[in-house]
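Trainee: the sequence and its predicted three-dimensional model are supplied below.
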Amino acid sequence: MTETPLVHLNQVVLAFSGKPVLKGIELKIFPRDRLVILGQSGGGKSTMLRLILGILKPTAGEIKYKHLRVNRLSRSKLNLLRSRIGMVYQYSALISSLNVRENLALPARELGRKSESEIDTLVEEKLALVGMSGTESKMPSELSGGMRKRVSLARALMMDPELMLFDEPSAGLDPVMSSVIDELIINLTEKTNTTSVIVTHEMDSAFRIATRMAMLWQGAIIQDGSPEEFRSSEDPVVRQFVTGGVEGPMTEQLSDADNT
Amino acid sequence: MADNVRRGRLPFRPSALFAQTDRTAVGSVPLVLMVSFFLGLTMALLTGYQLEKFGAERLIPSLIAIAFTRELGPLITGIVLAARIGAAFTAELGTMQVAEEVEAIEAMGIGPLRFLVAPGLLENIGAMPCLSVCSVIAALIGSCLISWVSLNIVPAFFFDSVLSSLLVNDIVTGFFKAAFFGLVIGLIACFKGLTVQGGAEGVGRATTGSVVIAITSVIGFDSLFNIIVTQYTK
C-alpha cells in the first residue's frame, strides 16, 4: 500500500512501573479508516489512544502523526496537534462546572480566533449534528449517559478534527442508544471524511462501525483486517472474542492467573 | 503559557479569575472578620491585664496594630484561606482529575495551566492582601471595643495610637507576606489537586494533605521570613 498512514505506531512498547502493557505494537491508521481496536478490558486499548494523543509517552518505539513524531514534540506543537484530534471519553469527561454551550465553546474559545457570535453558531451547528439542539443551557449533570456522550461527540467535532478517537463509545448505554451512537459515528465520519479509531469490546457495535479491525491480545496486535476476516478468523483468541465463548485461550489465561 | 503571550492573549481567563474571586475570596470575608475580631479582642484582653500591672496598658493599641499588620493578619488569613479556599481548590481539581476532565482539557490541546491553574493562583495572590486588610481592621475593632469596656481606653485615643505607631514598612511587609502566602497556598492546592490518584478516597486524602501542608508551610515561611528580616534589620 502506497498511501501514507495518518498515524503509525511503530514497535511501541509501554510499561507501567516495569510491568509491560504494550509489547511492540505495530499499527498503521490510514486516512478515512474506521478502525475498531478490540481487546479485553484492561488490555491497553485506551492506553493506545492516550499514546496517540501524546498524553502518555512510550517506553520504546515511536508514534508518528503524518510526518510528526508525537513522542518528541514540544508542548506547544503537541497542543497544536491535539487540536486536530477529537477525543470522546468513555464517561464523556464533560466539564461538570460548565453548561453544554460552554463545554462546546471551550476549545473554540481557547484555541481559535472566532468571535462569540461565530462560536454560538458553531455550537448550535454541532449540537444539531448530534441531535442535541436546545440543550445549550443544560448542565452535564442534567443529561443522561447517552446525551452526555452525544454532547461529548459534538465537543470533539468543534475544531473539525482530522482524526477522532472514541474510548468505549457504547459503554454503559442501552442497546438502542448504543446503536444511535454507532450510527452517529458512521454518519459523521463519512460526512466529514474523518478518520476514526474506536476502542470497544462490544462486538455488535464493533461490526456495525468498523471498516477495519485490529485485535489486541497480551500487549500485541494479533490480527489486523476487515470485519469479514474477523468473522471468519481461525485464530482461537479472535474466534473466542468474536463469539464470546466461555471456552478458549482467554478463559484459560484467566484461570492460569487465578491459580498463580 | 508562553504560547498564549505570543498569540497576544493573557495567560489567564479574566472571566474565570473574577468568578473564582467572587466565589472563594469574597465568601471568605465573614470568616476572616469573625476570627480576627475575636482574636484581636482576646489578645487585647490578655495583654491588657498583664500590662495593667505595670501601668502600660496604653501600649495595647500599638501592640495590636503592629502585631496584626505585620504578623497575625497575614498569618490568620493564610490559615483561613488554606482551610477554606485551598481545600476547595484541591477538591475541585482532584474531582476533575478523577473524572478525566483534566485529561480531556489536555487532550483538546488547551493545557490545564491557563484554564485551571492560573485563575485560582492569581485569585489567591490577589485575595490574600485584601483579606489580610479585613483581618487587621476586624482585629483593631475587637481590641478597641474590649479596651474601651474593660481597660478604659477610649476609641479616639486607641485609633490615634494605632496611626502614630504604624510604619509604612509594617504595612508593606504585611502585604508582601500575605501575597506570598497566597502563592504558596495556591501552588500546594493545585499540585495536590492535579496529582490525585485513587478516586473519591484519593480526593479526600489530597484535600486533607493540601490543608495540612499549606497551613504548615504558611507558618513555616512566616517564621523563616521573620528570622531573615530580624537578622537583616539588626
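Mentor: Everything's here; your move. Numbers count the residues shown, from 1 in each chain, chains lettered A, B, ... in the order given.

Trainee: tell me the contacts of the residue nearest the centre of chain B?
Mentor: For chain B, residue B:78 is the residue whose C-alpha lies nearest the centre (CA atoms, centre = their mean; 3.0 Å). Taking CB atoms under 8 Å, 6 or more residues apart in numbering or on different chains, we find residue B:78 in contact with B:128, B:178, B:181-182, B:185, B:214-215, B:218, B:222. For the C-beta atoms, the positions are set from N, CA and C on the backbone; glycine is no exception.

Trainee: residue B:127 too?
Mentor: By CB under 8 Å, 6+ apart, the residues touching residue B:127 are B:21, B:24-25, B:28, B:81, B:85, B:182.

Trainee: and it, which helix or strand is it part of?
Mentor: For residue B:127, the element it lies in under DSSP states H and E is helix B:118-151.

Trainee: after that helix comes which helix or strand?
Mentor: Using DSSP H and E, the helix or strand that follows helix B:118-151 in sequence is helix B:155-165.

Trainee: in that next one, what counts as buried?
Mentor: Of all the residues in helix B:155-165, those buried under the rule 16 or more other CB atoms under 10 Å in any protein chain shown are B:158, B:161-162, B:165.

Trainee: what's the answer for stretch A:123-131, then?
Mentor: A:123, A:126-127, A:129-130.

Trainee: repeat for stretch A:186-204
Mentor: Going by neighbour count (16+ other CB under 10 Å), the buried part of stretch A:186-204 is A:186, A:188-189, A:194-203.

Trainee: now it: mean pLDDT?
Mentor: The pLDDT scores in stretch A:186-204 average 89.

Trainee: quick one: stretch A:12-23 to chain centroid distance?
Mentor: Here stretch A:12-23 is found 20 Å from its chain centre; the criterion is CA atoms, centre = their mean, to the nearest Å.

Trainee: mind saving the C-alpha coords of that stretch as PDB?
Mentor: What follows is stretch A:12-23, C-alpha atoms only, in PDB (Å, rounded to 0.1, in the frame of the first residue of the first chain):
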ATOM      1  CA  VAL A  12       5.500   0.800  20.600                       C
ATOM      2  CA  VAL A  13       6.400  -0.600  24.000                       C
ATOM      3  CA  LEU A  14       4.800   0.800  27.100                       C
ATOM      4  CA  ALA A  15       5.400  -0.400  30.700                       C
ATOM      5  CA  PHE A  16       3.900   0.900  33.900                       C
ATOM      6  CA  SER A  17       6.300   0.500  36.900                       C
ATOM      7  CA  GLY A  18       8.200  -2.100  35.000                       C
ATOM      8  CA  LYS A  19       5.100  -4.100  34.100                       C
ATOM      9  CA  PRO A  20       4.700  -4.200  30.300                       C
ATOM     10  CA  VAL A  21       1.300  -3.300  29.000                       C
ATOM     11  CA  LEU A  22       2.100  -2.900  25.300                       C
ATOM     12  CA  LYS A  23       4.900  -5.100  23.900                       C
END
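
Trainee: follow-up on the earlier one: quick one: which of the buried residues of stretch A:123-131 is nearest residue B:45?
Mentor: Proximity of the buried residues of stretch A:123-131 to residue B:45 (CB to CB) peaks at residue A:123, which lies at 60.0 Å.

Trainee: touching, that closest one and residue A:99? I think so.
Mentor: No - under the criterion of CB atoms under 8 Å, residue A:123 lies out of contact with residue A:99, with a separation of 10.7 Å.

Trainee: need the overlap of contacts for those two.
Mentor: In contact with both residue A:123 and residue A:99: residue A:136, using CB under 8 Å, 6+ apart.

Trainee: where does the chain dip in pLDDT?
Mentor: Just so you know, I chose chain A. A:1-2, A:253-260 (pLDDT under 70).

Trainee: switch to chain B, that's the one I care about
Mentor: Checking chain B against pLDDT under 70 turns up B:1-12, B:234.

Trainee: who in it is up against chain A?
Mentor: B:2-3, B:92, B:95-96, B:99-101, B:103-111, B:114-115 (CB under 8 Å from any CB of the partner chain).

Trainee: next one: residue B:195 from residue B:203, what distance?
Mentor: If you measure residue B:195 against residue B:203 using CB to CB, to the nearest Å, the figure is 11 Å.

Trainee: check residue B:196 too.
Mentor: Going from residue B:196 to residue B:203 by CB to CB gives 6 Å.

Trainee: quick one, which of the two is more surrounded?
Mentor: The neighbour comparison of residue B:196 against residue B:203 (other CB atoms under 10 Å in any protein chain shown) goes to residue B:196, with 26 against 23.

Trainee: wait, that one sits on residue B:97?
Mentor: Yes - using CB under 8 Å, residue B:196 makes contact with residue B:97 at a distance of 4.7 Å.

Trainee: of the contacts of residue B:127, which is the nearest to chain A?
Mentor: The closest of those to chain A turns out to be residue B:24 (CB to the nearest CB; 13.3 Å).

Trainee: ok so, going back, buried members of the residues of chain B next to chain A into ChimeraX, please.
Mentor: Command for ChimeraX that selects the buried part of the residues of chain B next to chain A, burial taken from 16+ other CB under 10 Å:
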select /B:3,92,95,96,99,100,101,103,104,105,106,107,108,109,110,111,114,115
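
Trainee: between residue B:196 and residue B:203, which contacts overlap?
Mentor: Shared contacts of residue B:196 and residue B:203, defined by CB under 8 Å, 6+ apart, are found at B:94, B:98.

Trainee: can you pull out the helices in chain A?
Mentor: Taking DSSP state H to define them, one finds helices in chain A at A:45-52, A:75-82, A:100-111, A:116-129, A:145-157, A:175-192, A:203-209, A:227-231, A:236-243, A:249-259.

Trainee: in a markdown table: these, plus distance to residue B:15.
Mentor: Converted to a markdown table, the helices of chain A look like this (distance: least, CB to CB, whole Å):
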| stretch | distance to residue B:15 |
| --- | --- |
| helix A:45-52 | 30 |
| helix A:75-82 | 21 |
| helix A:100-111 | 10 |
| helix A:116-129 | 12 |
| helix A:145-157 | 19 |
| helix A:175-192 | 31 |
| helix A:203-209 | 39 |
| helix A:227-231 | 48 |
| helix A:236-243 | 49 |
| helix A:249-259 | 51 |
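
Trainee: and residue B:148, which of those helices is closest to it?
Mentor: Residue B:148 sits nearest to helix A:100-111 of all the helices of chain A, at 52.2 Å, using CB to CB.

Trainee: what about that closest one, near chain B?
Mentor: Yes - contact of helix A:100-111 with chain B (CB under 8 Å from any CB) involves A:106-107, A:110-111.

Trainee: which helices and strands does the helix or strand that contains residue B:207 pack with?
Mentor: When elements are assigned from DSSP H and E, residue B:207 belongs to helix B:199-232. Contact analysis of helix B:199-232 by 3 or more CB pairs under 8 Å, 6 or more residues apart in numbering or on different chains; DSSP states H and E lists helix B:73-81, helix B:87-98, helix B:168-194 as its packing neighbours.
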